[in-house]
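Peer 1: Starting from these lines, generate the structure:
(2 chains)
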There are 2 protein chains.
Amino acid sequence: MESVKQEKIVGIIGGMGPGATVDLMARLIRLTPALDDADHVRCIVDNNPKVPSRIKALIEGGGGSPVPELQDMARRLEAWGADFLAMPCNTAHYYFQDIQDAVTIPMLNLIQITVREVLKQQPGIVKVGILGSTAMQLTGLYQRAFSAIGAEVVYPEPSAQDRIMAAIKDIKKGRMDQAAAALDAAVTSLESQGARAVVVACTELSLLPFASSLPHYDAADILAREIIRVCKWQD
Amino acid sequence: MESVKQEKIVGIIGGMGPGATVDLMARLIRLTPALDDADHVRCIVDNNPKVPSRIKALIEGGGGSPVPELQDMARRLEAWGADFLAMPCNTAHYYFQDIQDAVTIPMLNLIQITVREVLKQQPGIVKVGILGSTAMQLTGLYQRAFSAIGAEVVYPEPSAQDRIMAAIKDIKKGRMDQAAAALDAAVTSLESQGARAVVVACTELSLLPFASSLPHYDAADILAREIIRVCKWQD
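Peer 2: Numbering: from 1, shown residues only, chains lettered A, B, ... in the order given. Presented below is the predicted three-dimensional model:
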């Protein structure tokens, strides 16, 4: 039982959206080889759908900054006993440093570990397509991170991106049927621009099936695997 | 926005098993009419699969009492700011009073609200079938609660109950395929004993489809609806 005692506990800054957080928790269970409950990792989760909208704050203006709420969530998870933090929302990583500065425990950076994984699987890649919200594009998070390893990012052309935004909003309402077609159209747009890999950089879009044969990296999946690795000290 | 501010926050004592907790969170999302993230309820969750086994403690002996860990989880959720508690595990309600005594906030009693719902839907019912773990049977929780309203409970005959226990263990390992047939056989056994309703009293079994036409009450579903009602002050 000693190894169980040494496992770390992850604190999850969730609710953006609430379904994406539940999806991450389900991934943690699916991706852990387990014969009984106790083999799974412990996670303490604040599934808080009341965080001010990142899309409103970054694009539409108004609605207030999400920073104070995100910092409060991080502090409460630290006080509760989390050993490290993770946040299943790409766009909210715009506020990563503000959140990390509010606590003394480390926080996984979803953007950094995703870029690292792409580089590991496809060294020397020069063009990567990014699927996510328009707010996430405006943050420039993936653009800067890939630029640092010498790769360029491309986004879906505007009409395809509009459909992606509609799809994200549909998924938040629980409607998945038309969203899959929007994803396919956006991937086609990325491929025609020369992308040799696609990053699914939106936890809502991670809920959809990925039909294309283009190599793709799901940030939610990469985050789940990294959480399990850190919890179980697999270094 | 005033109504949003007044919503209560539920603290979930989870991890028994971890999949059942994720299932409850997914139900909270599915059952809430929502147009955007903020319409959903906030839940703070300790998905702790390291709670000593309830089945071991109640049947097999050994492994230690789960009470200290459950009380610690409850206290931490209260300290974090939960307004009330809920625990998606029928069997662990054997320790309900111990947990409630450890905190000052109220805790929903899954057994009581389930019995109340059956009585509301089928007033005067005299025989109710209970599907759950053998440990849950030994606790006598549903037997006592239904007895108080003048109803008798019946359990699947031993061979059918053995298959139910195997099914629960399979589901904890992520294997669902044979579990559904075990559920069907158990329901047939309950019906042949004169049950006029079935309570699905195990959060693992709630993950399976219920094929019979006998009225059935899923404790996990009833718990999710009650959490939403309390959070949103729908009194």
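Peer 1: Can you show me the strands along chain A?
Peer 2: A:10-14, A:43-47, A:84-86, A:127-131, A:152-154, A:198-200, A:216-218 (DSSP state E).
Peer 1: got a markdown table for these, with mean pLDDT too?
Peer 2: A markdown table is the format used below for the strands of chain A (pLDDT from 0 to 100):
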| stretch | mean pLDDT |
| --- | --- |
| strand A:10-14 | 98 |
| strand A:43-47 | 97 |
| strand A:84-86 | 98 |
| strand A:127-131 | 97 |
| strand A:152-154 | 98 |
| strand A:198-200 | 97 |
| strand A:216-218 | 96 |
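Peer 1: I'd like these as CSV, with distance to chain B and mean neighbour count appended.
Peer 2: The way it works is simple: take the backbone N, C-alpha and C, and place the C-beta from them, glycine included. Formatted as CSV, the strands of chain A follow (distance: least, CB to the nearest CB, whole Å; neighbours: other CB atoms under 10 Å in any protein chain shown):
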stretch, distance to chain B, mean neighbour count
strand A:10-14, 9, 27
strand A:43-47, 4, 27
strand A:84-86, 13, 21
strand A:127-131, 20, 25
strand A:152-154, 26, 18
strand A:198-200, 19, 25
strand A:216-218, 18, 19
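Peer 1: out of those, nearest to A:Gly64?
Peer 2: Closest to A:Gly64 of the strands of chain A, according to CB to CB: strand A:10-14, at 17.4 Å.
Peer 1: who does that closest one pair up with?
Peer 2: Strand A:10-14 pairs in its sheet with strand A:43-47 (parallel), strand A:84-86 (parallel), by DSSP bridges.
Peer 1: Would you enumerate the residues in contact with A:Ile59?
Peer 2: A:Ile59 sits next to A:134-135, A:138 when contact means CB atoms under 8 Å, 6 or more residues apart in numbering or on different chains.
Peer 1: what does A:Leu183 give?
Peer 2: Contacts of A:Leu183 (CB under 8 Å, 6+ apart): A:131, A:164, A:167, A:205, A:208, A:210-211.
Peer 1: related to what we said a few turns ago, out of the contacts of A:Ile59, give me the one that has the most neighbours.
Peer 2: A:Ala135 (22 neighbours; other CB atoms under 10 Å in any protein chain shown).
Peer 1: burial of A:Gly64, as a residue count?
Peer 2: Applying other CB under 10 Å, we find 11 residues neighbouring A:Gly64.
Peer 1: I'd guessed A:Leu141 sits against A:Leu110; true?
Peer 2: No - counting by CB atoms under 8 Å, A:Leu141 stays clear of A:Leu110, with 9.1 Å between them.
Peer 1: what touches both of those two?
Peer 2: A:90, A:93.
Peer 1: Do I have it right that A:Phe146 meets A:Arg116?
Peer 2: No - the pair A:Phe146 / A:Arg116 is not scored as a contact, 10.9 Å apart, by CB under 8 Å.
Peer 1: dump the residue contacts of A:Leu58.
Peer 2: So A:Leu58 contacts A:91, A:94, A:135, A:138-139 (CB under 8 Å, 6+ apart).
Peer 1: For A:Ala220, give its distance to B:Asp36.
Peer 2: Using CB to CB, to the nearest Å, A:Ala220 is found at 20 Å from B:Asp36.
Peer 1: circling back: between the contacts of A:Ile59, which is closest to chain B?
Peer 2: For the contacts of A:Ile59, the residue nearest chain B by CB to the nearest CB is A:Ala135; the value is 13.4 Å.
Peer 1: coming back round to it: out of the contacts of A:Ile59, who's nearest A:Gly62?
Peer 2: Of these, the one sitting nearest to A:Gly62 (CB to CB) turns out to be A:Ala135, at 13.6 Å.
Peer 1: Quick check, pLDDT for that closest one.
Peer 2: At A:Ala135, the pLDDT value in this model is 86.
Peer 1: for it, what are its contacts?
Peer 2: A:54-55, A:58-59, A:91.
Peer 1: re the thing from before, if you count surrounding residues, which of A:Ala220 and B:Asp36 has more?
Peer 2: Higher neighbour count among A:Ala220 and B:Asp36: A:Ala220, with 24 against 13, using other CB under 10 Å.
Peer 1: thinking the more buried one is in contact with A:Glu204, fair?
Peer 2: No - counting by CB under 8 Å, A:Ala220 does not reach A:Glu204; the two are 9.6 Å apart.
Peer 1: and for these two, which residues touch both?
Peer 2: Joint contacts of A:Ala220 and A:Glu204 (CB under 8 Å, 6+ apart) are A:Ala20.
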